[in-house]
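Novice: got a predicted model here, sequence first, then my questions.
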Amino acid sequence: MEAGIIGLPNVGKSTIFNALTKSNANVSNFPFTTIEPNIGITTVEDERLIELGKIFRPEKLTSATVKFVDIAGLVRGASKGEGLGNKFLSHIREVDVLVQVVRVFNDDSIVSTLGELNPINEIEIIDLELILSDLEQILKARERIINKAKSGDKDSQEKLVILDEIRDHLNKNRPIRENELLLSKISESDIKNYELHTAKSVLYLFNINDSVSTDVIDTLVKFVSEKKKCDSILLNAKLELELSELNNEEKEKFRKEYNLKSGINDLVKKVYEMLNLITFYTVVGNEVRAWSIPKGTTAKTAAGKIHTDMEKGFIRAEVYNYNDLIKYRSEKILFERGIIRTEGKDYIVSDGDIIKFKFH
């Protein structure tokens with residue numbers, strides 16, 4: 001599962017991507033610096049993993065990860081192929097959630113494709129282009145089944161009702177995600193098959209600097225919360241990129257000195273939640289490792305996350321939770337108290353489970 005970083009050109013997408021992944025995606029002062037998407041992996045900061053390290057004292061701690069995709073900048077008219085519109089939309093199709101970077105900082109040395117600083121307009125432009133793209137896909141899907149529906153095919157008739165609801169909603173210039181009832185009627189497979197971009201969750205990332213006033217920030221946060229029904233996060237992309245180039249000791253010293261939280265860590269954690277991921281842990285040899293899986297994953301499928309042979313040869317899972325270990329600080333005590341339990345292939349893994357898999 002992956003998150004796509006989207007936005008207009010020159011809003012700071014690649015800068016944020018580089019800060020997230022410590023990559024070197026091209027960052028320049030002109031539109032369409034990014035053409036093909038950059039793909040990177042970033043680790044998830046995990047306090048529980050650090051605590052497990054204190055208990056087990058392994059040689060290696062391995063964090064869970066999240067995949068980010070830096071997608072080419074969109075311009076007005078992208079749904080009709082303007083700029084890199086078709087490429088942009090095809091790359092959005094592949095990701096599971098969206099992070100829209102919105103420029104809130106003023107810097108005359110960085111070209112604005114709007115010709116002015118207007119964060120709300122940025123948000124509305126991208127929403128409109130995605131709405132128009134979705135509407136085009138829905139009308140095509142409708143054409144494919146309308147004759148079967150008219151001939152009495154019940155499955156086609158049921159699909160047509162949903163398609164018409166989606167069409168009518170989009171015609172009001174409203175993203176699908178704003179209508180929870182409508183969204184509940186659309187399956188994950190339909191979202192993929194119909195390529196419905198506005199059904200995906202969006203996190204608005206306001207790219208700020210020290211000169212941005214609290215009034216401006218409050219207005220934007222309120223706008224996306226009330227009008228767009230979405231969460232937002234503040235981040236100084238330029239500062240985060242500079243910090244990402246320091247070693248951990250220098251970074252912590254700088255943050256403490258200026259009382260700075262890690263916006264990057266907050267972003268990663270928020271995206272992790274949006275992707276509906278949970279974490280389980282394994283302790284094998286000299287390594288304690290965190291693994292990410294979707295909520296609702298069975299023990300057998302979770303074993304396959306580690307290795308396909310473990311899923312194929314699954315016998316059972318020995319399970320206890322992080323909270324129990326923190327309480328008693330010893331696997332031996334957990335065993336003596338009967339807290340370590342044996343679970344079968346259909347057990348639904350819980351966040352924070354520590355699992356030892358048995359397999360052929």
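Specialist: Structure received.
Novice: does A149 sit in a helix or strand, and which one?
Specialist: Using DSSP states H and E, A149 falls within helix 119-150.
Novice: for that helix, buried residues please.
Specialist: Burial within helix 119-150, assessed by neighbour count using 16 or more other C-beta atoms under 10 Å, is assigned to 119, 122-123, 125-135, 137-138, 141-142, 145, 149. (Glycine included, C-beta is placed from N, CA and C.)
Novice: list the helices and strands that helix packs on?
Specialist: helix 85-94, strand 97-103, helix 154-170, helix 214-226 (3 or more C-beta pairs under 8 Å, 6 or more residues apart in numbering; DSSP states H and E).
Novice: can you give me the strands in the stretch 201-350 of the chain?
Specialist: 202-207, 231-235, 277-284, 287-294, 314-321, 341-343 (DSSP state E, counting those that start in this stretch).
Novice: most packed of those?
Specialist: strand 202-207 (a mean of 24; mean count of other C-beta atoms under 10 Å).
Novice: relative to the whole chain's centre, how far out is that strand?
Specialist: In terms of C-alpha atoms, centre = their mean, to the nearest Å, the centre of strand 202-207 is found 11 Å from the chain centre.
Novice: quick one, it and helix 119-150 angle?
Specialist: Per axes from the mean of the first three to the mean of the last three C-alpha atoms, to 10 degrees, the angle that strand 202-207 makes with helix 119-150 is 160 degrees.
Novice: in its sheet, what does strand 202-207 sit against?
Specialist: According to DSSP bridges, strand 202-207 forms sheet pairs with strand 97-103 (parallel), strand 231-235 (parallel).
Novice: nearest to R341, of those strands?
Specialist: Across these, R341 has its closest neighbour in strand 97-103 (33.7 Å, C-beta to C-beta).
Novice: SS state for the spatially closest residue to E165 that is not a sequence neighbour?
Specialist: Nearest residue to E165, sequence neighbours excluded (C-beta to C-beta, 6 or more residues apart in numbering): L182, at 5.8 Å. Secondary structure for L182, judged by DSSP: H, G, I helix; E, B strand; the rest coil, is helix.
Novice: for L267, see how far away the residue lying farthest from the centre of the chain is.
Specialist: Relative to the mean C-alpha coordinate of the chain, counting by C-alpha atoms, centre = their mean, the farthest residue is S151 (41.9 Å). When distance is defined by C-beta to C-beta, to the nearest Å, S151 is 50 Å away from L267.
Novice: repeat that for I120.
Specialist: I120 is 21 Å from L267, by C-beta to C-beta.
Novice: circling back to that earlier point, as JSON lines, the strands of the stretch 201-350 of the chain with mean pLDDT and distance to L246 would be great.
Specialist: Output for these, formatted as JSON lines (pLDDT from 0 to 100; distance: least, C-beta to C-beta, whole Å):
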{"stretch": "strand 202-207", "mean pLDDT": "97", "distance to L246": "20"}
{"stretch": "strand 231-235", "mean pLDDT": "96", "distance to L246": "17"}
{"stretch": "strand 277-284", "mean pLDDT": "97", "distance to L246": "27"}
{"stretch": "strand 287-294", "mean pLDDT": "98", "distance to L246": "24"}
{"stretch": "strand 314-321", "mean pLDDT": "98", "distance to L246": "35"}
{"stretch": "strand 341-343", "mean pLDDT": "97", "distance to L246": "43"}
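Novice: nearest to K305, of these?
Specialist: strand 287-294 (5.4 Å).
Novice: name every strand pairing with that closest one and say which way it goes.
Specialist: Sheet pairing of strand 287-294 (DSSP bridges) gives strand 60-62 (parallel), strand 277-284 (antiparallel).
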